[in-house]
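J.: Sequence and predicted structure below; questions after.
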Amino acid sequence: MEICFIAGMGAGLGTGFAGMSAAAVISPMLITFLGMPAYDAVGIALASDVLASAVSAYTYGKNKNLDIKNGLVMMITVLIFTFVGSFVASKVPNSTMGSFSTCMTLLVGIKFIVKPVMTTKEKMASVSPKKRFVQSVLSGMIVGFICGFIGAGGGMMMLLILTSVLGYELKTAVGTSVFIMTFTALTGAGSHFMIGGMPEMLPLILCILSTLLWARIAAKFANKASAATLNRSTGIVLTILGGAIFLVNIVS
């Protein structure tokens, strides 16, 4: 199906370049153009995220652009506080924040074009391990709570926090983000399928393969590109994807 290939391409490029969650691209496209139930579409998006994020994390790690130690700290905190956010959300009135991920994608894309991240690995290394640990815990708490509270993917928030708050160099920020997303997506996909059952196999397989292919291509390009080129490419990809998702939401 062309829609599955296109959705996977957009999700893969977003994942490989910026650690973006596939759910932000695949879900609205499957719902709008294939009339798929929202629950099934989200499950397919989460499943597509797993391998795409894993292969991207492997590529970034192979090029020494991955902070596993602090990434694990942040990942555990994100998972815990996602449950906390979900619990709190169940106790308060519904809020109209469904477009949060789309706005975040657009704003972060524009941010990388207008104000690129030019932090170096040397400057990153100057931060003490103790301070970095505390920053990782606090950042994970914020990202996890927001994800659980409003049901939004954490890829864009993680990238923004890693670059703007923790002062990560862009490639290391993306590598660490996709590393974390591998496990959060795996947890989400597993629980999704256990609760609601498996979706249609053809769209699932096509989306997974397409997302995996384009994530691999994007990650390989990103790791070879200069900081300036990567900032520009990431900004353009995110801005285009954010605009496309916004239009898809209007159509639906």
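T.: That came in fine, so what should we check first? Numbers count the residues shown, from 1 in each chain.

J.: what's in contact with stretch 55-74?
T.: Contacts to stretch 55-74, defined as CB atoms under 8 Å, 6 or more residues apart in numbering, come from residues 15-16, 19, 132-133, 136-137, 139-140, 143, 158, 168-169, 171-172, 174-176, 178-180, 182, 212, 215-216, 218-220, 222-223. Every C-beta, even on glycine, is put in place using the N, C-alpha and C of the backbone.

J.: Can you list the buried residues in that stretch?
T.: In terms of neighbour count (16 or more other CB atoms under 10 Å), stretch 55-74 has its buried residues at 55-61, 63, 65-67, 70-71, 73-74.

J.: nearest to K115, of those?
T.: N65 (20.7 Å; CB to CB).

J.: So the closest one: helix, strand or coil?
T.: Assigned by DSSP: H, G, I helix; E, B strand; the rest coil, the conformation of N65 is coil.

J.: that older thread, the contacts of stretch 55-74, buried ones only, as a PyMOL selection?
T.: If you want just the buried ones from these in PyMOL, going by 16+ other CB under 10 Å, the selection is:
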select buried, resi 15+16+19+132+136+139+140+143+158+168+169+171+172+174+175+176+178+179+180+182+212+215+216+218+219+220+222+223
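
J.: Restricted to helices, list the contacts of stretch 55-74.
T.: Counted as lying in helices by DSSP state H, out of the contacts of stretch 55-74, are 15-16, 132-133, 136-137, 139-140, 143, 158, 171-172, 174-176, 178-180, 182, 212, 215-216, 218-220, 222-223.

J.: what ranges of the stretch 1-150 of the chain fall below the confidence cut-off?
T.: Applying pLDDT under 70 to the stretch 1-150 of the chain flags the ranges 89-102, 104, 148-150.

J.: repeat for the stretch 151-252 of the chain
T.: Looking at the stretch 151-252 of the chain by pLDDT under 70, you get 151-154, 249, 251-252.

J.: rerun that using 90 as the cut-off
T.: For the stretch 151-252 of the chain, the stretches with pLDDT under 90 are 151-161, 163-165, 167, 181, 183-199, 227-228, 230-252.

J.: I figured L238 hits F112, correct?
T.: Yes: L238 is within contact range of F112, at 6.9 Å (criterion: CB atoms under 8 Å).

J.: hmm, back to that, so which of the buried residues of stretch 55-74 are in helices?
T.: Short answer: the buried residues of stretch 55-74 in helices (DSSP H) are V55, S56, A57, Y58, T59, Y60, G61, N70, G71, V73, M74.

J.: And the residues you listed, which two are furthest apart?
T.: Going by CB to CB, the pair spanning those furthest: V55 and V73, at 23.0 Å.

J.: What helices and strands are in contact with the helix or strand containing M194?
T.: Using DSSP states H and E, M194 maps to helix 170-196. Here helix 170-196 touches helix 2-18, helix 38-62, helix 68-89, helix 155-164, helix 201-224, helix 227-251, going by 3 or more CB pairs under 8 Å, 6 or more residues apart in numbering; DSSP states H and E.

J.: 10 Å instead, please
T.: Applying 3 or more CB pairs under 10 Å, 6 or more residues apart in numbering; DSSP states H and E, one finds that helix 170-196 contacts helix 2-18, helix 38-62, helix 68-89, helix 121-125, helix 129-150, helix 155-164, helix 201-224, helix 227-251.
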